[in-house]
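J.: Sequence isn't available, so here's the structure alone:
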């Protein structure tokens, strides 16, 4: 049985199908709708066993950012949506698999406002389900080959994906090594964020451009766009617990504090704070401290030191670099949709 469940439509679809151009406002609803329908076809309601766990994890979906990036990158260089759609599905499935494992490591019982997979099905099943999802983006490439994409592009995409998978694991290992370390530099944290988070954005854009038939310079431009967008995404994810308008979205807001993981604003506050402020940060990161009190004191220091504004400035720098990278690509509906995605203040991370 295929790792990616067979869709309820013929696997080899008409290569001439295209995505409607986004409306003048730069909206991307049409492509997001097509992607959501594809997930529903592949994991229908009557699934059982492991497929049922996957459906619970994947549906309802998040923002589908990674498959969106892959599809738009492919279409921007003249590729076919039908040809690359399996790869887009594979990226979201692999990302979701990483979330299953992250929630176990972080001991987070909630994901996207409902019980996490390990809470609903048990940690053993969540580990197995996550492992299975990691293989989907390779099975997806076989589907892309069957859809007519030349084998040379398939091999190039596989190389990108394999390297990205290894880099993500290195990023997670680096994150674990930073637990409780307030002396770590912001630069070290950004190295971790780039390896753990941004690399999958970069890979999605690069693979999309490769499978779509892009030239080497185009692939590099899309990869740079994804890298910087991913960095901005992670930094703004660090800021979400301190934004009242998005609290309660995704994983628990106190997850990083509870797991003693210093995020970028915390490290900036420790670097620039007074001795008294640094002492407060150390107290807040002490195991066993009451979380609500610790969070309130931590937030006070972050506001007082300007760390939140500094982190946002860093995120905006990466947004600007992402836009600059994509400026190398000729204008078009799909390139412009990606520009709009980067320009709108960056997507809400924990809902993705």
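T.: It's in. As the structure is a computational prediction, the values presented were derived from the model and not from experiment. Numbering: from 1, shown residues only.

J.: quick one: low-confidence parts of the stretch 101-250 of the chain?
T.: Scanning the stretch 101-250 of the chain for pLDDT under 70 picks out 245-250.

J.: how about the helices in it?
T.: 117-121, 123-134, 136-146, 151-177, 186-193, 199-211, 216-239 (DSSP state H, counting those that start in this stretch).

J.: what's the most buried one of the ones you listed?
T.: helix 199-211 (a mean of 30; mean count of other Cβ atoms under 10 Å). For every residue, glycine as well, the C-beta is placed using N, CA and C.

J.: Can you tell me which of the helices of the stretch 101-250 of the chain is nearest to residue 329?
T.: Residue 329 lies closest to helix 216-239 among the helices of the stretch 101-250 of the chain, at 5.7 Å (Cβ to Cβ).

J.: Pull the residues that contact the helix or strand following the closest one.
T.: Using DSSP states H and E, the helix or strand that follows helix 216-239 towards the C-terminus is helix 255-258. With contact meaning Cβ atoms under 8 Å, 6 or more residues apart in numbering, helix 255-258 is reached by 106-108, 238, 241, 252, 262-263, 284-285, 291, 294-295, 298.

J.: one more time with 10 Å, if that's ok
T.: 102-103, 106-108, 110, 175, 237-238, 241, 252, 261-263, 266, 284-285, 287, 289, 291, 294-295, 298-299, 350 (Cβ atoms under 10 Å, 6 or more residues apart in numbering).

J.: quick revisit: in TSV, list the helices of the stretch 101-250 of the chain along with distance to residue 78.
T.: Below are the helices of the stretch 101-250 of the chain laid out as TSV (distance: least, Cβ to Cβ, whole Å):
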stretch	distance to residue 78
helix 117-121	38
helix 123-134	30
helix 136-146	15
helix 151-177	13
helix 186-193	32
helix 199-211	10
helix 216-239	10
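
J.: returning to that earlier point: which of the contacts of helix 255-258 are buried?
T.: Among these, the ones that count as buried by 16 or more other Cβ atoms under 10 Å are 102-103, 106, 108, 175, 237-238, 241, 252, 261-263, 266, 284-285, 294-295, 298-299, 350.

J.: who are the neighbours in contact with residue 129?
T.: Taking Cβ under 10 Å, 6+ apart as the test, what residue 129 contacts is 50-54, 56-57, 96-97, 100-101, 117-118, 121.

J.: residues contacting the nearest residue to residue 195 once chain neighbours are set aside?
T.: Distances taken as Cβ to Cβ, 6 or more residues apart in numbering put residue 171 closest to residue 195, at 3.1 Å, once the chain neighbours are dropped. By Cβ under 10 Å, 6+ apart, the residues touching residue 171 are 191-200.

J.: do the same with residue 209
T.: Neighbouring residues of residue 209 by Cβ under 10 Å, 6+ apart: 70, 72-74, 76-77, 79, 153, 157, 160, 215-223, 225-226, 329.

J.: same deal with residue 78?
T.: 212-214, 218, 332, 334.

J.: switch the cut-off to 6 Å
T.: Residues in contact with residue 78, defined by Cβ atoms under 6 Å, 6 or more residues apart in numbering, are residue 213.

J.: So it, which state does it fall into?
T.: Recorded secondary structure, residue 78: coil (DSSP: H, G, I helix; E, B strand; the rest coil).

J.: Would you mind measuring from it to residue 90?
T.: 21 Å (Cβ to Cβ, to the nearest Å).

J.: For residue 117, give its distance to residue 196.
T.: Applying Cβ to Cβ, the value for residue 117 to residue 196 is 20 Å.

J.: do residue 263 as well
T.: Residue 263 is 12 Å from residue 196, by Cβ to Cβ.

J.: Check residue 90 too.
T.: The value you get for residue 90 to residue 196, if Cβ to Cβ is used, is 19 Å.

J.: Looking at those two, which one has more neighbours?
T.: residue 90 (28 against 22; other Cβ atoms under 10 Å).

J.: Could you pull up the contacting residues of that one?
T.: Residue 90 is in contact with 136-137, 140, counting by Cβ under 6 Å, 6+ apart.

J.: would you list those residues in a markdown table and tack on distance to residue 279?
T.: Shown next, in a markdown table, are these (distance: Cβ to Cβ, whole Å):
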| residue | distance to residue 279 |
| --- | --- |
| 136 | 47 |
| 137 | 46 |
| 140 | 50 |
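
J.: what's downstream of whichever strand or helix holds residue 37, the next helix or strand?
T.: Following DSSP H and E, the helix or strand that holds residue 37 is helix 29-42. Helices and strands here follow DSSP H and E; after helix 29-42, the next one along the chain is helix 50-58.

J.: Now do the buried residues in that next one.
T.: Quick answer for helix 50-58 (16+ other Cβ under 10 Å): 51, 53-58.

J.: and for it, what are the contacting residues?
T.: So helix 50-58 is contacted by 39, 43, 47, 96, 117, 121, 125, 129 (Cβ under 6 Å, 6+ apart).

J.: quick one: it to helix 136-146, angle?
T.: Interaxial angle of helix 50-58 relative to helix 136-146 (axes from the mean of the first three to the mean of the last three Cα atoms, to 10 degrees): 100 degrees.

J.: what's the angle from helix 50-58 to helix 123-134?
T.: Using the same axes, to 10 degrees: helix 50-58 against helix 123-134 is 80 degrees.
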